[in-house]
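Trainee: predicted model and sequence below, questions to follow.
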Amino acid sequence: PGLRWLAGDLHSHTVHSDGALTVDELACLAAASGLDFLAVTDHNTVSHHPALPAAGRRAGVLLLPGQEVTRDTGHANAFGDIGWIDFRRPADDWLAETERRGGLLSVNHPLANDCAWRHPMVRRPRFAEIWHWTWLDRRWGGPLAWWLAWDPAVLPLGGSDFHTPAQGRPLGVPTTWVQCAGDDVLAGIDAGRIALSAGRDAPVLLRVGDELVVHEGDGTYLVDPDGGRRVVLGDRRSFRGRPGPHRLESADNSVLALVT
């Protein structure tokens with residue numbers, strides 16, 4: 001009671017770093033894509049933060065302040081209106097400083113080609129961008145294997161890493177769903193009320209109390225943490241839930257949705 005699921009994207013860029021769109025243009029695109037929220041995470045800068053509230057109001061979408069802390073040995077998103085995080089410091093400092101200021105830090109695209117995550121850390125962030133556009137073949141278990149090997153307690157996030165329409169990678173692919181009180185998306189993420197899907201209109205797998213609820217997933221397969229598979233029949237089905245990550249797969253074993 002009092003909570004609702006919002007659809008969003010937790011990784012995007014504007015002309016404030018290496019994106020092609022202004023903040024207003026990006027906000028309009030997010031609204032046109034059916035998103036409720038979008039994190040704007042330009043590289044190593046927070047110069048875009050002052051423009052976000054007004055641009056979001058004009059477009060009718062919630063724009064979340066973020067920064068992609070960027071080094072050649074790995075990137076991380078610092079979420080929240082927390083000021084600038086110094087990318088020159090060790091990654092342990094990124095985490096400590098982000099948390100000290102009340103933000104959230106997520107490891108980005110840990111298996112991306114030229115910027116895979118290689119930072120040593122004494123303590124690991126609670127979040128990682130498990131689902132990123134670089135997961136080109138979702139029959140490939142690499143991102144899931146990395147997650148479970150690195151730390152299965154880490155909460156998975158998704159992000160399109162949108163830069164320009166010319167790349168052909170739309171906003172909201174994947175979509176991160178967050179169950180929120182009002183529009184407090186970061187509080188919902190912090191509480192772990194997160195689900196990932198292949199897109200805004202793709203099948204969704206939600207954890208609701210002790211149940212797993214599949215929406216618009218007729219003909220898919222619910223896969224439990226041990227690899228057991230249950231067929232989903234009907235557009236809305238509920239299953240008894242278990243602790244741990246579950247996913248929806250298509251008949252060809254492509255991942256369609258993911259929830260912890």
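Mentor: Sure thing, it's come through.

Trainee: wait, what's in contact with residue 188?
Mentor: Listed by C-beta atoms under 8 Å, 6 or more residues apart in numbering, the contact set of residue 188 reads 3, 6, 178-181, 194. Where C-beta positions appear, they are placed from N, C-alpha and C, glycine not excepted.

Trainee: kindly apply the preceding question to residue 246 instead.
Mentor: Applying C-beta under 8 Å, 6+ apart, the residues contacting residue 246 are 205, 207, 212, 222-225, 258-260.

Trainee: could I have the PyMOL command that selects the buried members from those residues?
Mentor: Remark: buried members of the contacts of residue 246, expressed as a PyMOL selection using 16 or more other C-beta atoms under 10 Å:
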select buried, resi 205+207+212+222+223+224+258+259+260
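
Trainee: looking at the contacts of residue 246, which is nearest residue 94?
Mentor: For the contacts of residue 246, the minimum distance to residue 94 (C-beta to C-beta) is 23.2 Å, reached by residue 260.

Trainee: before we move on, back to that, which pair of the contacts of residue 188 spans the longest distance?
Mentor: 181 and 194 (14.5 Å).

Trainee: ok, the contacts of residue 246 vs residue 120, which is closest?
Mentor: Closest to residue 120, out of all of the contacts of residue 246 and judged by C-beta to C-beta, is residue 260, at 25.3 Å.

Trainee: the closest one touches residue 194, doesn't it?
Mentor: Yes. Between residue 260 and residue 194 a contact is recorded at 7.1 Å, counting by C-beta atoms under 8 Å.

Trainee: need the residues touching each of these two.
Mentor: Common neighbours of residue 260 and residue 194 (C-beta under 8 Å, 6+ apart) are 155-156.

Trainee: got phi/psi on residue 175?
Mentor: With angles defined as degrees, to the nearest 10, residue 175 sits at phi -100, psi 130.

Trainee: so what sits opposite the closest residue to residue 241 other than its chain neighbours in the bridge?
Mentor: Leaving aside its sequence neighbours, residue 241 sits nearest to residue 212 (C-beta to C-beta, 6 or more residues apart in numbering; 4.5 Å). Beta-bridge partners recorded for residue 212 (DSSP bridges): residue 207, residue 239.

Trainee: these two touch, right, residue 212 and residue 223?
Mentor: No. Using C-beta under 8 Å, residue 212 makes no contact with residue 223, being 10.9 Å away.

Trainee: about what we covered before: which one's more surrounded, residue 181 and residue 194?
Mentor: Per other C-beta atoms under 10 Å, whichever of residue 181 and residue 194 has more neighbours is residue 194, with 23 against 12.

Trainee: so what's the more buried one up against?
Mentor: With C-beta under 8 Å, 6+ apart, residue 194 has these contacts: 155-157, 176-179, 188, 259-260.

Trainee: quick one, helices of the stretch 101-250 of the chain?
Mentor: For the stretch 101-250 of the chain, the helices defined by DSSP state H, counting those that start in this stretch occupy 142-150, 185-190.

Trainee: for those, which one ends up most surrounded?
Mentor: A comparison of those by mean neighbour count, using mean count of other C-beta atoms under 10 Å, puts helix 185-190 on top with a mean of 20.

Trainee: confirm that residue 47 sits in a helix.
Mentor: No. Secondary structure of residue 47 (DSSP: H, G, I helix; E, B strand; the rest coil): coil, not part of a helix.
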